[in-house]
Structures are given as structure tokens and as C-alpha cells.
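Undergrad: next come a sequence and a model predicted from it.
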Amino acid sequence: MPAHVAVAPSALTPSGEISVPPIHPLATQDQVTPVLAAGNGVYLVAWTEYIGNTIQLVAARVRASDGAVLDSSPIHIDAQPLPAGRVTDPAVSFDGTHFLVVYSKLEPSNRFYNEDIWGKRVRAWMERWSTAPPFASATSPTPTTPATPR
């Protein structure tokens, strides 16, 4: 993680450097837009990275007390093939039990692109995922999908 990432003071060394080791050194291109949230002694750090011909949104849990990365590999949140799709603008929050990662997702369809807001819940401890499925916001109607009156 770059040194300019804003993190909670307990994750910093006395010199102000981040004490967390690199989480995913296998990315072949840029790792960008890092965000984090803290809860129950754990940080969830999420970021966007480019690997091969995909843009991926990944995350890792980090123990706040010592900076230990709790996941042996990054948690896959979502991915889209380049150059047509993308996952961007991640944000993370904590509700006392789960972290929530929300993001924008651009997906090509038959004739148009749909850009929606998606989200996934990640457990603070133990298993990576909650039992609830991911969610997405409603998309704007396309010519093949008539709008329903509200």
C-alpha cells in the first residue's frame, strides 16, 4: 500500500509509516483507490487493481492490534474485463458485525452499458462472506426493458 493512504493512527508506526506488509504483490499493473473501515479490532482494506485484462476490486482483513493480514489471498469482491467494463469508486463501512463494500460497476449489455451501484458484505472474522447475497441498485431502463410505473 502506498505511504499516502489515510489509515487509522493505531495502524501507523511512530515514524508515520504504515506497518502493514504488502497484501497482494502479484498485481501486474496498478493497485489504486484504497479505502478502509475499522470494526471489532479489524480493518477491511479494499482496493482496485489491474491483473491481465481485468480490473478487479479486492479486499483483505487486517488485525488492528499488530497489522497482521488475516487473509492468505485477497478477497475477490468483483471484476470486469477491460476495456469494456470496470469496477470503481469503492467505499467501505462497518455495522458491528459485517463490513459493507459498495462500488460502481459498468457492465456491457447487448447494445448499451449499464452502470450500477453494487455491494457485498464481508464478515469481520472467520468466513469471508456473510450468507446474504450481493446486491445491486436498479438500472435505468434500456430499449429492451420497459420501465415499470412507480
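TA: That came through fine. Residues are numbered from 1 along each chain as shown.
Undergrad: what does the pLDDT read for the residue nearest to Val62 when sequence neighbours are not counted?
TA: In this structure, Val62 finds its nearest non-sequential neighbour in Tyr43, 4.4 Å apart by CB to CB, 6 or more residues apart in numbering. For every residue, glycine as well, the C-beta is placed using N, CA and C. What the model reports as pLDDT for Tyr43 is 92.
Undergrad: what's the answer for Arg61, then?
TA: Predicted confidence (pLDDT) at Arg61: the value is 91.
Undergrad: next one: Leu26
TA: pLDDT recorded at Leu26 is 54.
Undergrad: next, the buried residues of whichever helix or strand Gln80 is part of.
TA: Per DSSP states H and E: Gln80 is located in strand 75-81. For strand 75-81, burial by neighbour count (16 or more other CB atoms under 10 Å) applies to Ile75, Ile77, Asp78, Ala79, Gln80.
Undergrad: where does pLDDT dip in the chain?
TA: Along the chain, segments meeting pLDDT under 70 span 1-29, 126-150.
Undergrad: swap the cut-off to 50 and go again
TA: Residues of the chain meeting the criterion pLDDT under 50: 1-13, 16-19, 129-132, 138-150.
Undergrad: can you show me the strands along it?
TA: 31-39, 42-51, 54-63, 75-81, 86-94, 98-108, 113-123, 135-136 (DSSP state E).
Undergrad: of all the buried residues of strand 75-81, which comes closest to Leu100?
TA: Ile77 (10.9 Å; CB to CB).
Undergrad: can you name the residues that contact the closest one?
TA: Neighbour list for Ile77: Ala46, Gln56, Leu57, Val58, Ala59, Val87, Pro90, Val101, Tyr103, Lys120, Val122 [criterion: CB atoms under 8 Å, 6 or more residues apart in numbering].
Undergrad: tell me what the fourth one is bridged to.
TA: Okay, so that is Val58. Val58 has these beta-bridge partners by DSSP bridges: Trp47, His76.
Undergrad: hang on, it packs against Val45?
TA: No - if you go by CB atoms under 8 Å, Val58 and Val45 don't touch, sitting 9.3 Å apart.
Undergrad: now do the spatially closest residue to Glu115 that is not a sequence neighbour against Val62, distance only.
TA: For Glu115, ignoring the flanking residues on the chain, the nearest one in space by CB to CB, 6+ apart is Leu106 at 4.6 Å. Distance of Leu106 to Val62, given as CB to CB, to the nearest Å: 29 Å.
Undergrad: good, we can wrap up now.
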